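Engineer: what shape does this take:
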Amino acid sequence: MPDIGLRSTIMAAAAVAGLAGAFVLFLLDFGSASRLALAASTCVALAFLLIDIGAKLRNGDFGLDLIAALAMGSTLWFGEYLAGAIVALMYAGGQFLEAFAHRRADEGMSALLAQVPRTALRLMEDGLEEVPIPDIAVGDVLMIRRGDVIPADGTLMSESASIDQSVLTGEAFPVTVSSGERISSGATNAGDAVEIRVESRAEDSTYSGIVKLVEASRRSKARIARLADRYAIAFLLLTLAIAAGAAILSGDMARIVAVLVVATPCPLILAVPVALAAGTSKAAKAGVLVKGAGPLEILADASVAVFDKTGTLTAGDPEVVSIDGPEGPDRILRLAASLDQASSHVVGRAIVREARRRQLALSRPADVSELAGAGISGLVDGIRVSVGGDNYFTADGRPSRPPEKKGRMQAKVFFDGQLAGEIVFEDRLRGDAVELVGKLRKLGVRRIVLASGDERSVAAAIAGSLSLDAVEARLTPAQKVEVVARERTAGRVMMVGDGVNDAPALAAADVGIAVGATNLAAAAEAADIVLIRNDLNRIATAIEIARRSRAIAVQSIFAGIGLSLVAMLFAGAGFLPPVTGAMLQEVIDVAVILNALRALR
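Structural biologist: Modelled structure (predicted):
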């Protein structure tokens, strides 16, 4: 079946040709031929409309298109051919307006989809090879030419690069990236050709996650739109009742036509999805990708916020604040950092970063073994070095647990089985976290809870600095889900996390929001909303956009229905003839849809 653009073009062309031809024939005093031209144009539009209605009914979608079909059919039955042609023209115009509105609403996302690359240049021993994006593997070295879109997350191997991240972050100017730094897929090389080493497959990369969200957004349907469908049935029954009552009470069956033509229901058919699609587009332009209108509407109702700590309210990048122990601080740090070069753990990276900041010479580790998330051990300069948390080291089979330092993390360092010292870290609060909490309070979010996997002292220090309502600590991913379930008794829950360890809780919440530029691919499956600009204040912006879009959608429903009902009553009483009524109704429809488009501003 033709798409909405082609279908509305054919209907509009038939209606315009019918009206123009009828006018010419009328001037030439060919009255019968003039009416035939009007009827023919109405029949063309009605045929397309009936095909569309049939397809919707097969999918169980019972909507208000039926009123438009009844209006056109009744004009043909009662010989109101001019009114029928006007209804056909205006209905086609409404379809045009819908297509235009959705194109406008998609503008904030279309740039993302347009950026998706199809091939990449891979460096081989004998030169360059152009390969399809799905064939790129982790470890491949790619050449990115000026203007090329980076197809997969990677690490820059060239000395420096000028990278345009505007599509991802909204930054107006290119940023300079140095050798060894990470570059996200979807960004564009704004400078000379550079080389990157692929760190994740294209399908698992940042940009792929964004594209998945965009596509999901375009497929979704909001609960408020389904609510409009329920209004549609009631509105249809009320329309038929008014039309039948007017005909019976007046004895004039033509009143049915007058009522039906002013009931053509664009406010319900178009205004709600237009307003909500406009809201998702507005959010995308603000750096917030929403998986469609449904999550946007739920976000507008959220009254409880549950936050992860690390990488969400804090930078997720701990810093060394002190080194204590019988060995010298620099020796402890140098040997620990030498070992942690083999670890990808965030604490290990912090130790290496601090050692390099102090310009300590690092050695190459050997015989390395690591227990994920607990600790690491290996040989450095002939010394058996071990670095880890309390549960990594045991004495007589029991965990060693010295007194905690409030609000901070510690890692023990052992040399040849003897305690050499302790390195203390601090994961600093994000600068925008305090501001976000204040904005959420002003927006009426009644309860804000911290749900963290860290020790209670660490989590409590962060919660206290933000004046949160409650803190839950040492949580597993499953326990975070339980926290979300408990908090739901206080209202609709918005879960904010980094999209990896928090994935179960993000999925369990009424609306999940993922933050952090490095975790969008994982968040694409678990979260409903993703911040593609690393700014927590965008959460408050998204709530404001959601509430305004929903308010405009509801306003469009009731304003459109209210005006249509008034027009139907006047038509039923005989004050609005079919032609005048049809023109008045389309004025109402256009006004309501233009009102819905206000959500874009």
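
Engineer: show me where the stretch 251-400 of the chain has helices.
Structural biologist: Applying DSSP state H, counting those that start in this stretch to the stretch 251-400 of the chain gives helices spanning 255-261, 266, 272-285, 293-301, 329-340, 346-357.

Engineer: worst mean pLDDT among the ones you listed?
Structural biologist: With a mean of 59, helix 266 has the lowest mean pLDDT of the helices of the stretch 251-400 of the chain.

Engineer: ok, for residue 301, nearest residue in space, not its chain neighbours?
Structural biologist: residue 492 (4.8 Å; CB to CB, 6 or more residues apart in numbering). Any C-beta I mention is one placed from the backbone N, CA and C, and that applies to glycine too.

Engineer: and the gap between the one you found and residue 83?
Structural biologist: Going from residue 492 to residue 83 by CB to CB, to the nearest Å gives 47 Å.

Engineer: those two - which one has more neighbours?
Structural biologist: More neighbours surround residue 83 than the other of residue 492 and residue 83, with 28 against 16 (other CB atoms under 10 Å).

Engineer: how many neighbouring residues does residue 31 have?
Structural biologist: For residue 31, using other CB under 10 Å, the count is 11.

Engineer: gap between the longest strand seen in the chain and the chain center?
Structural biologist: Longest strand of the chain, by residue count under DSSP state E: strand 418-426. Centroid separation between strand 418-426 and its chain, computed with CA atoms, centre = their mean, to the nearest Å, is 42 Å.

Engineer: now for the helix or strand that that strand is followed by, which elements pack on it?
Structural biologist: Past strand 418-426, further along toward the C-terminus, the next helix or strand under DSSP states H and E is helix 433-442. Here helix 433-442 touches strand 447-451, helix 456-466, helix 537-572, going by 3 or more CB pairs under 8 Å, 6 or more residues apart in numbering; DSSP states H and E.

Engineer: tabulate those (a markdown table), appending mean neighbour count and distance to residue 138.
Structural biologist: Formatted as a markdown table, the helices and strands packed on helix 433-442 follow (neighbours: other CB atoms under 10 Å; distance: least, CB to CB, whole Å):
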| stretch | mean neighbour count | distance to residue 138 |
| --- | --- | --- |
| strand 447-451 | 22 | 32 |
| helix 456-466 | 19 | 33 |
| helix 537-572 | 21 | 30 |
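
Engineer: now distance to residue 52 too, for the ones you listed, in CSV please.
Structural biologist: Converted to CSV, those look like this (distance: least, CB to CB, whole Å):
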stretch, distance to residue 52
strand 447-451, 46
helix 456-466, 53
helix 537-572, 20
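
Engineer: now these in CSV, with distance to residue 120 and mean pLDDT?
Structural biologist: Below are these laid out as CSV (distance: least, CB to CB, whole Å; pLDDT from 0 to 100):
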stretch, distance to residue 120, mean pLDDT
strand 447-451, 40, 95
helix 456-466, 41, 86
helix 537-572, 31, 88
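
Engineer: out of the ones you listed, flag the one nearest residue 508.
Structural biologist: Taking CB to CB, strand 447-451 is the member of these nearest to residue 508, at 11.4 Å.

Engineer: and for the closest one, what's in contact with it?
Structural biologist: Residues from elsewhere that reach strand 447-451, judged by CB atoms under 8 Å, 6 or more residues apart in numbering: 303-309, 313, 437, 440-441, 459, 462-463, 466, 468-472, 475, 480, 483-484, 487, 490-491, 505.

Engineer: let's see 7 Å
Structural biologist: Strand 447-451 is contacted from outside by 304-309, 437, 440, 459, 462-463, 468-472, 475, 480, 483, 487, 490, using CB atoms under 7 Å, 6 or more residues apart in numbering.

Engineer: mind listing what that strand pairs with, with the direction of each?
Structural biologist: Taking DSSP bridges as the criterion, strand 447-451 forms sheet pairs with strand 304-307 (parallel), strand 470-472 (parallel).

Engineer: okay, the ones you listed, which one's buried deepest?
Structural biologist: Comparing the strands paired with strand 447-451 by mean neighbour count (mean count of other CB atoms under 10 Å), strand 304-307 comes out on top with a mean of 26.

Engineer: quick one: closest of the strands paired with strand 447-451 to residue 562.
Structural biologist: Nearest of those (CB to CB): strand 304-307, 34.1 Å.

Engineer: for the record, mean pLDDT for the closest one?
Structural biologist: Strand 304-307 carries an average pLDDT of 96.

Engineer: count the neighbours of residue 344 for me.
Structural biologist: Applying other CB under 10 Å, we find 9 residues neighbouring residue 344.

Engineer: next one: it from residue 151, what distance?
Structural biologist: From residue 344 to residue 151 the distance is 23 Å (CB to CB).

Engineer: on that earlier part again, quick one: contacts of the longest strand of the chain?
Structural biologist: Contacts of strand 418-426 (CB under 7 Å, 6+ apart): 318-327, 332, 336, 347, 350-351, 405, 408-414.

Engineer: buried sites along it?
Structural biologist: Within strand 418-426, the residues that qualify as buried are 419, 420, 421, 422, 423, 424, 425, 426, counting by 16 or more other CB atoms under 10 Å.

Engineer: and those, which is closest to residue 33?
Structural biologist: Using CB to CB, residue 426 is the member of the buried residues of strand 418-426 that sits closest to residue 33, with 87.0 Å.

Engineer: ok, so what distance separates the closest one from residue 319?
Structural biologist: Counting by CB to CB, the gap from residue 426 to residue 319 is 6 Å.

Engineer: ok so, going back, and which of the buried residues of strand 418-426 is nearest residue 295?
Structural biologist: For the buried residues of strand 418-426, the closest approach to residue 295 (CB to CB) belongs to residue 426, at 34.4 Å.

Engineer: helix or strand right after the helix or strand of the chain with the lowest mean pLDDT?
Structural biologist: Taking mean pLDDT, DSSP states H and E as the measure, the chain has strand 398-399 as its least confident helix or strand, at a mean of 36. Heading C-terminal from strand 398-399, the first helix or strand you meet, by DSSP H and E, is strand 409-415.
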